[in-house]
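> Dropping a prediction and its sequence here:
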Amino acid sequence: MSNLNNLPILAITMGDPAGVGPEIAVKTFANQQTYEICKPLLVGNTSILKKAINLLQSELQINSVDDVDQARFLHGTIDIFNLDVEDPDAIEFGVVSAVAGDLAFRTVKQAIDLALAKKVDGTVTGPIHKGAIHAAGHHFSGHTEIYAHYTNTSKYAMLLAEEDLRVIHVSTHVSLRQACDNVKKDRVVEVIHLLNDSLKKLGIENPKIGVAGLNPHSSDDGLFGYEEKEEIEPALKEVQAEGIDAEGPVPPDTLFALATGGKFDGCVAMYHDQGHIPFKVVGFNWDKEKKVMKSVKGVNITLGLPIIRTSVDHGTAFEIAGKGVASPDALLLAIQYATRLHQSN
């Protein structure tokens, strides 16, 4: 087992309390492996946590704190940085509400504040519901944008990671029309740099990067669009001249198959679904008989921030919230990645 004093302190947010976030948090804190790689601190509400512990019939104890120094970091006890809720009983599993959205937002903001104050070494986020966040009056399109806003970060990007498939995005939570307009040379150069740097931090000495085209067949020399020739190819020439091993534009329907086979260490997707769909095909496994996801893997990492942020890459799963069947795989994986990133700093 690792020396406890050398392990990073990670602030782990509960996510939307009406979703599977509290449940997967309890399952993750119950896992001895979590304490072998980090000192975990849950950020959420004590009453919601008790509800999740009772749901799972767990014997875990709770240590409610209002300062990191009060945490014990002992397996068998969940240290929770408690955020008050006026009526926690009003939050129901599977129901979108402003009360739940506000708590979820505040847990994220608290984790950011702890990291900026250097009271924790990194942050790991549970799933939030964008509709609930908006209903509470917090108008952000997702975790990535919340982190960028409160850390005053202008150059950032989302990286998805699952085994050999690592995907960064030129744009994420915008309309498809706007996503096409966002494919610009400078932005493509920026995300290639972010990906190259992050792959090195993850231990890949000389990363090989595959860059997707935007259009079918990467436009077939201009037959189906102009973005490849006018924006993506000039970006590739610039980073190649700097010594970055980047190839493309690779047809999007081919790139990810090549990456899962080991040709590329990382991929650049031009927009949200272009990267997320192949990624979730690899990481998400549906159990046809039980009609639930038997395994949900994959980590979301925000690059370019002054603090570490990793996250599960799945949603709140309201349809199974409160049933005790949610998989904690992605949360444990996100904790592992946060630890690796801390070690590389």
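Received the coordinates, thanks. Residues are numbered from 1 along each chain as shown.
> Do you have the strands of the chain handy? List them.
Ranges of strands in the chain, per DSSP state E, are 9-13, 39-44, 61-65, 77-82, 122-125, 157-162, 165-169, 208-212, 245-250, 266-269, 284-287, 292-296, 299-303, 309-312.
> which other helices and strands contact the second one?
The reference is to strand 39-44. Packing partners of strand 39-44 (3 or more Cβ pairs under 8 Å, 6 or more residues apart in numbering; DSSP states H and E): strand 9-13, helix 21-29, strand 77-82, helix 98-116. The C-beta positions use only the backbone N, C-alpha and C, and glycine is treated the same way.
> and the shortest one, which strands flank it?
Same thing as strand 9-13. strand 39-44 (parallel), strand 122-125 (parallel) (DSSP bridges).
> Distance to residue 301 and mean neighbour count added to these, as a markdown table?
Below are the strands paired with strand 9-13 laid out as a markdown table (distance: least, Cβ to Cβ, whole Å; neighbours: other Cβ atoms under 10 Å):
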| stretch | distance to residue 301 | mean neighbour count |
| --- | --- | --- |
| strand 39-44 | 18 | 26 |
| strand 122-125 | 10 | 28 |
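> Can I get the helices and strands packed on strand 39-44 in JSON lines including distance to residue 176?
Output for the helices and strands packed on strand 39-44, formatted as JSON lines (distance: least, Cβ to Cβ, whole Å):
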{"stretch": "strand 9-13", "distance to residue 176": "29"}
{"stretch": "helix 21-29", "distance to residue 176": "28"}
{"stretch": "strand 77-82", "distance to residue 176": "38"}
{"stretch": "helix 98-116", "distance to residue 176": "25"}
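> of all these, which lies closest to residue 311?
Nearest of the helices and strands packed on strand 39-44 to residue 311, taken as Cβ to Cβ: strand 9-13 at 8.7 Å.
> Compute the inter-axis angle for that closest one and helix 21-29.
Inter-element angle recorded for strand 9-13 and helix 21-29: 150 degrees (by axes from the mean of the first three to the mean of the last three Cα atoms, to 10 degrees).
> now what about strand 9-13, what contacts it?
21, 25, 28, 38-44, 68, 71, 73, 81, 104, 107-108, 110-111, 114-115, 119-126, 331, 335, 338-339 (Cβ atoms under 8 Å, 6 or more residues apart in numbering).
> and if we set it to 6 Å?
For strand 9-13, the surrounding residues in contact (Cβ atoms under 6 Å, 6 or more residues apart in numbering) are 38-43, 107-108, 111, 114, 120-126, 338.
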